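> no sequence for this one, just the structure:
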Ligand SMILES: Nc1ncnc2c1ncn2[C@@H]1O[C@H](COP(=O)(O)OP(=O)(O)OP(=O)(O)O)[C@@H](O)[C@H]1O
Ligand SMILES: Nc1ncnc2c1ncn2[C@@H]1O[C@H](COP(=O)(O)OP(=O)(O)OP(=O)(O)O)[C@@H](O)[C@H]1O
Ligand SMILES: [Mg+2]
Ligand SMILES: [Mg+2]
């Protein structure tokens, strides 16, 4: 019997739900058991691995709550004699260099951010805005390293395209939900009432959505707002389904299918047939807009 | 001099301190005292403000409710899902109120009838209800089909958005209930001495059930408004709301040991929380430092109030 | 028959109920009663277990500490950073203990001397200390340079990992302190009737300071072990720990109204929390349903205990 | 004998109240000194100043000629002062022994010496004749037993100055005798004892000298008690003469109002039956733990019944809950005012109106004017000493709190049965006679009144009939005409067989037809 664990850092997030769902598909195809465990912090990760060991699993895939947990996870996996693969976030050593022995599939947070930034720059140009008149809301959640990498990635593209640094405003979220982003973004908008055109970036769709709602509540018309989110989950799709376009311009969809299905499959092959997976597989995010999101989703194998 | 002292040390001392602090902030922080910012500030405290109304009753009667955040999220979800399914916003609202009220009622029932510690009970329902919200939506945000739903939050009356009016009405109504009705007085009496109140003929257990049921209903109202503001039902909304609301109440002088509460205090508490966030963002304080500043403001506010009441000779 | 009844309704009734539940789980859940799983289970409750020891004192004296999670994270960070900087693990440990103790001491000082509500004070320090942890590390985890540090958690004695031993020692020591020492009795007395204790000459305010300082120290120990287990100092570690620890204590019969506490109860409470998580994962219960199940277990556990003590005639 | 304890010009004010104004007097070594005065006269405040709990605004305390400068209870204890406060100061969750040692546990290096802990207590309790298990949790003791534990504190600590603030207010005569013997022994050991009481008998039985306080000022100081009379002291206290405190007047007794049949509960196992007629005042007498309070709580529905019925004017009261009882016309004034009576943190007005306001609050809306009127009326009628009706009840003196609770029930409308558990506990002589007057007046209007009291003279003085309880059972039922102190006491004592009066001899009660 093959038993494989799949540990994720935020089990409530739709993204991870989807990863699990696709991993389940692989499990059904190959006839192995998949054990899904949520582990929000380092301590939970440790006990989750112990738990898998106790259940007699042979290996597991993990999206770690923090990449610095690397050495601990590697040691724990070894102690429990479990094969280890990572997804989404790559483990690093104490010195910050990636642990290259552990097979990984993912996409770099910075890369996703850059895709966001690029689509915003393109749209600004298309609308013919002057970057000097445009403000950027940086909905930030800096205690999450991935979040920092994502927004910084997006902003670096903006800056490279000539976006004035002085027009970038920080809107720190107290929590990662839409309401917190909405409240933080409202302050930025009110503080800079002189700026009429805005763009917004954030850690995920919910954060950008908050900025878009804030722009609506202070009366900024939808065509003066370009918000690009990350994830492509239902919050974003709901925006596209609204009868009139909103300031939520697009979202970078990353495919949970590959991340979930392929990692589970690779792990199975590794355990059952001794076929070791690639050390590093990088996937790509794809920008989805109001008029093409269904096609993009289909391309990525969602729905 | 003495009249100033009287003002500061009197019943309304907290309000006076707050007014002074507000004036200082208004004069020193740019962009603070603009109409837009004020409206934004008020809108940002709508959820906390509404829920604080009934949390005040809950604390005043020596109880505790940790399930408010989950109930807000759950009833928001229900409102969206029910109105999507039925095509009628009214059905959605009624469903949300029913669900919120039911959660509160169950809380109250378990706490009052089975005499289970309120902290544990509501900690349990907090998780259960959050679970329900996640299960119902499969962990995803649910979009609103009927744009009319957004109008709940977007519509304005006399230039002020509806949610702020709702909050103001709740403040007035619950302030009245606390001070001018038997219900309010009985709540305070239960908090002061539950056994003595019971022997004085107050039906303590049905009072507690009522208070929790009311809390649930009010959470549902907050949940509906929140869903309308963020144009979707989100199962992860309002996490950690319970602690913010309880802090706002305690800041406003509501005693956790029961028996002491005042609506003006709670309003001030809610506003202090909102202004702190608002000003920190206006001043562009870095995210990590915001934690520290938030904590210090909390401490400072209670410290000031304590000094005041110590000077006034009230006993802790 | 009567002796069974006596057993169930006696002081140790909770332990008996727990033993029965444990037996049922062991027989029905596959892989549960294996040495590996038991060790994993125990390791998973080390942080909660250690912190619960002093939280028990805190609650027993009618206080409340919400800052434990932040303190655990902060002192873990400090341990890692100080030992990285100095190259000596001992320096790191000492620094962590000092910082943890200092946080607790400040909590106690503010609460006891300025008579500020413990909930608000520790809510404030919870944020301030979390802010410090984030600022110190710039929001990122800090890796451990010296692999010797991992040995704190990885080393074993008689086949059992060191953290479990540490937890066991804490259980014994604090159980002794609670029942057999002046400190323990004074704690219970303060919680049971602060006024009477004060009039009997117990130095209530220095007792409270001590209890909080101890809590801080113990959090530091938990933080060091945690950092060692997860091989890094993480500013976001142990969020929400406070509620888990308080639940474990209350489950174990510690009264939030003060004055009632027992070490066996707390141990059982900690184990119930750990077993619930463990079994849910072993049974592969879906994440969303885990919320519901967790809540129900919590309710069931207190309900059972309440029925028991009601039958035993103890008054709520 | 020289002056050992001296108060010099002590003053102490609270917001709105001058609790003590320039009080000076001294007490000799080996003397028991009485302290008397109306409710709110400042007795407890003086004791609190002595104990180090509160500090005086001005003035000095001298012990053995040395001025004391203590800032805390601990300092006072070190100086040899121990105080038994008016309100019980025990920790219910701890055992008797632990309570007695609290603040100075025996042992080395912080580890408690458990053999000494219970051993010494057992010895001391036996020595003073108190039969309480040192290992019992205080929560499981009755009020009276708790009071005895408090008193044992005074013996445990080897103090030079002992102050007792109304120690007998919840003791019955038998326990009081134990206390008196104890005090005699302490006096013989040369201690200084300050004794606060509202009971003149005790004062004359115990004290060598006496001080009377009035409105916080020294009203009289009598270095030798044999030189004063009762009436003189009353006049000094109250400012007027009271000739006969009981003032008993016979009344017409009508039909049966309250009918209790086979009532039993968890703490009162033997079923109990009795009835009270319109206009009748029925007294319940017994020793501590006789079960009178339990009986009253069962009748009122405060504890749930295991069997039996209670009916008022022939109508059964169900379900058994306090609100239901109040609606049916039964009210209970509980014995333990601190835990069951006052609502802490609320003012006098709110404490009074808590139950009766439902009569004049349409749709649950308050009528502040009516509440104020009501409060003012009863503050005046019961002579509650307070700066205003908005005063927090915890700031009142013990006796004044009791008056407010009485006011709560006197203001209730439609009361048919009034049960008062220890009605005059801690109440001064002047107010006592007024309360009795009110009881007669209410009975005259047809109310049935049940008075539970541990003060034999009081039960004998004001009731029409006495039921004596002993160990949870009714031991005797005696009409006023047959009142006899020895007979009542004999019935109350468990070791002596009841003198013939048993349930079969109870007067035949009218059986109500349904
Ligand atoms: N903490 C306080 N705040 C305000 N007033 C107080 C406080 N404590 C006592 N008083 C007032 O001081 C006065 C004296 O009270 P004290 O308790 O000394 O009376 P007492 O002589 O012991 O009366 P009793 O016989 O009823 O016990 C009373 O008027 C009381 O209301
Ligand atoms: N909380 C309690 N738990 C257990 N037993 C109790 C409790 N309270 C009282 N008892 C017991 O119940 C019995 C009846 O006590 P109760 O106080 O009713 O007597 P009483 O006649 O009213 O005397 P008094 O009021 O003067 O003490 C006593 O034996 C007492 O020890
Ligand atoms: Mg007094
Ligand atoms: Mg009694």
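Nice, I can see it. Note that the structure is predicted; figures quoted are calculated from it, not measured. Numbering: from 1, shown residues only, chains lettered A, B, ... in the order given. Ligands and ions are numbered 1, 2, ... in the order given.
> give the contact list for the most centrally placed residue in chain A.
The residue lying closest to the centre of chain A (Cα atoms, centre = their mean) is residue A:231, at 5.6 Å. By Cβ atoms under 8 Å, 6 or more residues apart in numbering or on different chains, the contact list for residue A:231 reads A:14, A:15, A:204, A:205, A:251, A:252, A:253, A:254. Where you see a C-beta, it was placed from the backbone N, CA and C, and this is true even at glycine.
> neighbours around residue D:438, how many?
16 (other Cβ atoms under 10 Å in any protein chain shown).
> just the buried residues of the helix or strand it falls within, please?
Per DSSP states H and E, residue D:438 falls inside helix D:429-444. Neighbour-count burial for helix D:429-444, counted by 16 or more other Cβ atoms under 10 Å in any protein chain shown, picks out D:429-436, D:438-440, D:442-443.
> what sits up against the helix or strand following that helix?
Per DSSP H and E, the first helix or strand lying C-terminal to helix D:429-444 is strand D:448-452. Strand D:448-452 is contacted by residues D:257-258, D:276-284, D:292-293, D:296, D:299, D:335, D:416-423, D:439, D:442-443, D:458-459, D:462-463 when judged by Cβ under 8 Å, 6+ apart.
> now the closest residue to chain B within chain A: closest residue in space that isn't a chain neighbour?
Nearest residue of chain A to chain B, counting by Cβ to the nearest Cβ: residue A:238, 2.7 Å away. Using Cβ to Cβ, 6 or more residues apart in numbering or on different chains and skipping the chain neighbours, the partner closest in space to residue A:238 is residue B:143 (2.7 Å).
> these two touch, right, that neighbour and residue A:236?
No: contact criterion Cβ atoms under 8 Å: residue B:143 and residue A:236 do not qualify, at 9.8 Å.
> measure the residue nearest the centre of chain D to ligand 4 for me?
Centroid-nearest residue in chain D: residue D:425, 2.9 Å away (criterion: Cα atoms, centre = their mean). According to Cβ to the ion, to the nearest Å, residue D:425 and ligand 4 sit 10 Å apart.
> and for residue D:127?
Relative to ligand 4, residue D:127 is positioned 27 Å away (Cβ to the ion).
> what about residue 237, neighbour count?
Picked chain A for this. When neighbours are counted by other Cβ under 10 Å, residue A:237 registers 21.
> hmm, I had chain D in mind actually
23.
> pLDDT score assigned to it?
pLDDT for residue D:237: 86.
> which residues touch residue B:178?
Neighbour list for residue B:178: B:56, B:57, B:60, B:184, B:187, B:188, B:261, B:262, B:263 [criterion: Cβ under 8 Å, 6+ apart].
> residue contacts, the closest residue to residue B:244 other than its chain neighbours?
Sequence neighbours aside, residue B:48 is the residue nearest to residue B:244 in space, at 5.5 Å (criterion: Cβ to Cβ, 6+ apart). Contact analysis of residue B:48 by Cβ under 8 Å, 6+ apart lists B:241, B:244, B:245, B:248, B:270, B:273, B:274.
> beyond the one helix or strand residue B:48 maps to, next helix or strand please.
Element membership for residue B:48, per DSSP H and E: helix B:46-60. Towards the C-terminus, the helix or strand next in line after helix B:46-60, according to DSSP H and E, is helix B:68-86.
> any idea how far the residue nearest to the centre of chain A lies from residue B:120?
Between residue A:231 and residue B:120 the computed distance is 36 Å (Cβ to Cβ, to the nearest Å).
> likewise for residue D:296?
Applying Cβ to Cβ, the value for residue D:296 to residue B:120 is 34 Å.
> likewise residue D:120?
Going from residue D:120 to residue B:120 by Cβ to Cβ gives 40 Å.
> and residue D:282, by the same measure?
Taking Cβ to Cβ as the measure, residue D:282 falls 45 Å from residue B:120.
> equivalent analysis for residue B:41, please.
In terms of Cβ to Cβ, residue B:41 sits 35 Å off from residue B:120.
> may I have the phi/psi pair for the closest residue to ligand 3 within the stretch 51-200 of chain A?
The nearest approach of the stretch 51-200 of chain A to ligand 3 comes at residue A:174, 52.1 Å away (Cβ to the ion). Dihedral pair for residue A:174: phi -80, psi -30, per degrees, to the nearest 10.
> residue contacts, the residue in the stretch 401-514 of chain D that ligand 3 sits nearest to?
Ranked by Cβ to the ion, the top residue of the stretch 401-514 of chain D for proximity to ligand 3 is residue D:426, at 7.0 Å. Neighbour list for residue D:426: D:39, D:86, D:166, D:169, D:198, D:398, D:399, D:402 [criterion: Cβ under 8 Å, 6+ apart].
> now, the most widely separated pair of those?
Pairwise distances across the contacts of residue D:426 (Cβ to Cβ) peak at 12.0 Å, for the pair D:39 and D:169.
> picking up where we left off before, secondary structure, distance to residue A:42 and pLDDT added to the contacts of residue D:426, as a markdown table?
Listed next are the contacts of residue D:426 as a markdown table, based on DSSP: H, G, I helix; E, B strand; the rest coil; distance: Cβ to Cβ, whole Å; pLDDT from 0 to 100:
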| residue | secondary structure | distance to residue A:42 | pLDDT |
| --- | --- | --- | --- |
| D:39 | coil | 64 | 87 |
| D:86 | coil | 56 | 85 |
| D:166 | coil | 61 | 90 |
| D:169 | coil | 61 | 81 |
| D:198 | coil | 67 | 90 |
| D:398 | helix | 57 | 81 |
| D:399 | helix | 62 | 83 |
| D:402 | helix | 60 | 86 |
